[in-house]
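Student: Just need the structure, nothing else, for what follows:
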Amino acid sequence: MIKIKLSDLLGKNKMTQKALSDITGIRPATVSKMYYEEIKRIDVKHLDNICKAFNCEISELLEYIPDEKK
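Tutor: Got it, this is the predicted structure:
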């Protein structure tokens, strides 16, 4: 599973979803879906813009969590 840590980054940087949308040019609805981890696909350009906005590495935005084996 891939965890999107956008809510962590927004909180750490005291930024609203709206402010991130304004800075990156990403639609507010898309930012919201990323925030709540409801998004199915993410445009690479969006990832690039978010990393630029937060001056962060992709690993600070996305995390891979292996599925538990049954």
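Student: any idea which helix or strand carries the residue nearest to residue 36 when sequence neighbours are not counted?
Tutor: Among residues not flanking residue 36 along the chain, residue 7 sits closest, at 7.9 Å (CB to CB, 6 or more residues apart in numbering). Placement of C-beta: from N, CA and C, glycine included. Following DSSP states H and E, one finds residue 7 within helix 6-12.
Student: so how far is that helix from its chain's centroid?
Tutor: 8 Å (CA atoms, centre = their mean, to the nearest Å).
Student: Also stretch 4-13?
Tutor: For stretch 4-13, the distance to the chain centre is 7 Å (CA atoms, centre = their mean).
Student: Going by neighbour count, list what's buried in it.
Tutor: 4-6, 9-10 (16 or more other CB atoms under 10 Å).
Student: could you give the mean pLDDT of the lengthiest helix in the chain?
Tutor: Looking across the chain with DSSP state H, the single longest helix is helix 44-54. On average, the pLDDT along helix 44-54 is 98.
Student: ok, the residue nearest to residue 36 touching residue 35?
Tutor: Yes. Counting by CB atoms under 8 Å, residue 35 is a contact partner of residue 7 at 5.4 Å.
Student: so where's the chain uncertain?
Tutor: 70 (pLDDT under 70).
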